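Chemist: could you work out the structure for the sequence below:
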Amino acid sequence: MANATQPTDADPHAFCEAVAHPGRREDALRLLDLFGQTSGYAPRMWGPTIVGFGQYHYTYASGRTGDWLATGFSPRKANMVVYIMPGYTDFSHILARLGPHKIGKSCLYLGPLGKIDEAVLAELIRAGLDDLATRWPVSA
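Modeler: Numbering: from 1, shown residues only. Purely as a prediction, here's the structure:
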């Protein structure tokens, strides 16, 4: 069984420009640049609402296989969701310096970017990508 969310040909910049909430739209455009510069990958839409950078192919012990974005974000209504941690490593030493956030298993929930340290976010993105690459090959 593969992941249902797949890359599309939609324009990530146009998607970010179309975010309804002005503050979330501005933050999405800032993240578009930050993730691109930090990851070195071009943005690509995954499904209708996730902007991804790089990807990897996985095969779990259960036999489940699929492809998923290496890192990325989604400007949701309640929070900015950032996909940077594949869930393998404890990044609490970096998160402690980030600013206000909540964490899920492999995602980070942020409020306005003005309240977080973007340099620390870039460090976290890079650490997540480096950690992921020790387990699965990451490609553009």
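Chemist: contact partners for the most centrally placed residue in the chain?
Modeler: Ranked by distance to the mean C-alpha position of the chain (CA atoms, centre = their mean), the top residue is residue 72 at 2.1 Å. By CB atoms under 8 Å, 6 or more residues apart in numbering, the residues touching residue 72 are 35, 43, 46, 50, 51, 52, 53, 82, 83. Where you see a C-beta, it was placed from the backbone N, CA and C, and this is true even at glycine.
Chemist: go on, residue 36?
Modeler: Contacts of residue 36 (CB under 8 Å, 6+ apart): 42, 43, 53.
Chemist: in this structure, what spans have low per-residue confidence?
Modeler: 1-4, 85-88 (pLDDT under 70).
Chemist: for burial, what's the neighbour tally of residue 112?
Modeler: 14 (other CB atoms under 10 Å).
Chemist: wait, it sits on residue 28?
Modeler: No: counting by CB atoms under 8 Å, residue 112 does not reach residue 28; the two are 11.7 Å apart.
Chemist: mind checking the longest helix of this structure?
Modeler: helix 22-39 (DSSP state H).
Chemist: which element follows that one toward the C-terminus?
Modeler: Per DSSP states H and E, the first helix or strand lying C-terminal to helix 22-39 is strand 43-46.
Chemist: what's that following strand packed up against?
Modeler: Packed against strand 43-46 by the contact rule (3 or more CB pairs under 8 Å, 6 or more residues apart in numbering; DSSP states H and E) you find helix 12-17, helix 22-39, strand 50-59, strand 65-75.
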